[in-house]
Each structure stands twice: as structure tokens, then as C-alpha cells.
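*Asks:* Kindly return the folded structure for what I paste below:
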Amino acid sequence: MINPQLGGICMSAKTLLELPEEFELYRPIIEETMKPVVFIDADARKTTLFQSKFAGDPYFPLSMDYPKNASGKPLKLLAQINFVEFPKHLSNFPEEGILQFYIDGYDDVLGMDFDNGQNQEGFRVIFHDTVIHDEAQLIQDFSFLEKEDEEIYFPVEREMALSFKTGFEPLSIDDFRANEIYSNILTSIEDNETLEDAFYDAMTGDGLKIGGYPFFTQEDPRAYGDYTDSTILLLQVDSVGDDILWGDCGVGNFFITEEELKNKDFSNVLYNWDCH
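*Replies:* Numbers count the residues shown, from 1 in each chain. Here you go, the predicted structure:
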């Protein structure tokens, strides 16, 4: 069964979704929102130019212009996904090619535009649909990316190799559609702080992942403006210990519309990060 508002998949197997006993009554509502997700494991180690990673040196052909901010300073690789390594679990995602996310380490808001989250002047999402395997045709000297005094900070402390595992998850409580979809549940527990806390904990949506539903420390930017069609979570990079830190334990998210993803058009990706 598909929820028309979410495009989610209702999975009847109870083993797919663990719920506190108090919310078993609402299982049908929650399960109807279930969507596939790919969880990311990140391990701090050296990678090749082609591997999926956080930070480190990107795959980048010499024939292309390296992404820069408005002042001409180079953006830094936040994440690289090589779809040859990626499980075939999410609809409309590429089956090959390399997708990259760059952000501005010289900007105190890391390239995010508060007025237009799709303005890629301070960040860039680049998709290499054809991968060149001859390293002689790739940038190999990235000394121009070495940290300079004016660089503020970067959320990923060190290069990390990525691996992936598949799953399903319900609509997170932070998603802009949650108040409507979960309205009956929220109304029924609004006077019980213990149950409220338990529900929010169960529906948190945090972690490192692609697909599924997002987590925010503040609020969903898609609730405002023209972003409500950006329903696909293209990437979520959450704070993890000392290795990944967005401000005060925040989270970074990238969203895309279903149609843009089908067309492999990453020019209007919505970028947001927030922290406590």
C-alpha cells in the first residue's frame, strides 16, 4: 500500500519496525509511511579517488573546472558516492556514476543560503555520469585544498571510507508532513510527556543515510517557500562523535525532487544544515 502524500511503502512484517509497546495501536498508521533507506557506515581510513567517502580527495577530471565559492576559493568535498558500490535499493537513483557534494569551508555558514537553499553559489552537487578510470586524466595533486588561516572549520574531521546497508524506516517526526500524518497520534499523547518523549525518540530520523526521512535539530526548511516537492533525501550527514560535527551537534541534509532525480538533474538540490 502506498501513501499518496509520501510515496512510502507499507511493510506488514512487524520485524521491520520496532515500536514501543504503547504505540502498537498506531502501527498501521506508522507502517503506511515506511520508505526504503540506505544507512551509511563511515570508517576513518584512506581511500582511492574513486571510492565512496566523506572528505578526502575527490574523483575529478582535469578537463573540468573545480568548484569554487564566489571569492574564487575552492569548495571542499563533503561526500562522494560511487553508485557501483551502492546497493540497488532506492527508486530512481543512478546505478553507476559518481555523485559529489561540495561545501564552502571558508564561510561561517558552510555555503548555505538562508534565503534560497537551492542557490549553489556556496555549495555544489556534481554528478559524473561517466567515470574515467585513467588516473592520468584526473586531478591527483590536491595541495590547493590545504587549509588556510581564513578557513573557519569543516564538519568532517578526517577522510572516511563509506559502506552501505539497506533498510526501511517510518516518517520521522521532524519531516514537514509529520504533523498532518501523525495528527491523531500526537493529539492522543499531548498530555503525556513520557509518551511524547518516547514517540519523538522512536521517530527521530537521525543518522548517516540516503533515502528515508530526515532529522533536524531545528525545523524542516521544506515547510516554507517552494521546497515541498523536494521529498527525496539525497544525503544526510549527521554529527557523529568527534569525527563529524556541524556546529553544536547539528546535521546537514540535501534534498531533491523525484522528477529531478529521475532525470539526474542535480542543479536544484536543496541544502540545509542546522544545530542546537
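
*Asks:* Figure out the length between the terminal residues of stretch 237-248.
*Replies:* Terminal residues of stretch 237-248 lie 14 Å apart, using C-alpha to C-alpha, to the nearest Å.

*Asks:* Please read the previous query as pertaining to stretch 160-176.
*Replies:* Using C-alpha to C-alpha, the two ends of stretch 160-176 sit 31 Å apart.

*Asks:* mean confidence score for it?
*Replies:* For stretch 160-176, mean pLDDT rounds to 97.

*Asks:* buried sites along it?
*Replies:* Neighbour-count burial for stretch 160-176, counted by 16 or more other C-beta atoms under 10 Å, picks out 160-162, 164, 168-176. All C-beta spots, glycine's among them, are computed from the backbone N, C-alpha and C.

*Asks:* ditto for stretch 140-148
*Replies:* Across stretch 140-148, burial judged by 16+ other C-beta under 10 Å covers 142, 145.

*Asks:* Nearest to H89 among the buried residues of stretch 160-176?
*Replies:* Closest approach between those and H89, by C-beta to C-beta: F164, at 8.5 Å.

*Asks:* For the closest one, list each beta-bridge partner.
*Replies:* F164 has these beta-bridge partners by DSSP bridges: I40.

*Asks:* Wait, it touches V84, no?
*Replies:* No - here F164 does not reach V84: they are 11.7 Å apart, not a contact under C-beta atoms under 8 Å.

*Asks:* still on that earlier bit, which two among the buried residues of stretch 160-176 are spaced furthest apart?
*Replies:* The most widely separated members of these are A161 and F176, with 33.0 Å between them, by C-beta to C-beta.

*Asks:* OK, contacts around V38?
*Replies:* Counting by C-beta atoms under 8 Å, 6 or more residues apart in numbering, V38 touches 86-87, 89-90, 164-167, 209-212.

*Asks:* Let's see that with 6 Å instead.
*Replies:* Contacts for V38 (C-beta atoms under 6 Å, 6 or more residues apart in numbering) come out as 87, 89, 164, 166, 210-211.

*Asks:* Could you do I256 as well?
*Replies:* 232, 234, 269.

*Asks:* now, which of the residues you listed sits nearest R45?
*Replies:* Relative to R45, the closest of those is L234; by C-beta to C-beta it sits at 24.6 Å.

*Asks:* count of residues packed around the closest one?
*Replies:* Counted with other C-beta atoms under 10 Å, residues neighbouring L234 total 23.

*Asks:* could you say what helices and strands the strand or helix carrying it packs with?
*Replies:* For L234, the host element (DSSP states H and E) is strand 232-238. Strand 232-238 is packed against strand 209-211, strand 251-256, with contacts defined by 3 or more C-beta pairs under 6 Å, 6 or more residues apart in numbering; DSSP states H and E.

*Asks:* List the contacts of it.
*Replies:* 79, 206-212, 214, 251-254, 256, 258, 261.

*Asks:* Show me which of those is closest to D104.
*Replies:* The closest of the contacts of strand 232-238, once distances to D104 are taken by C-beta to C-beta, is G252, at 12.4 Å.

*Asks:* Find the helix or strand that the closest residue in space to the closest one that isn't next to it in sequence is a member of.
*Replies:* Excluding the flanking residues, the one nearest G252 by C-beta to C-beta, 6 or more residues apart in numbering is W273, at 3.9 Å. Per DSSP H and E, W273 falls inside strand 270-274.
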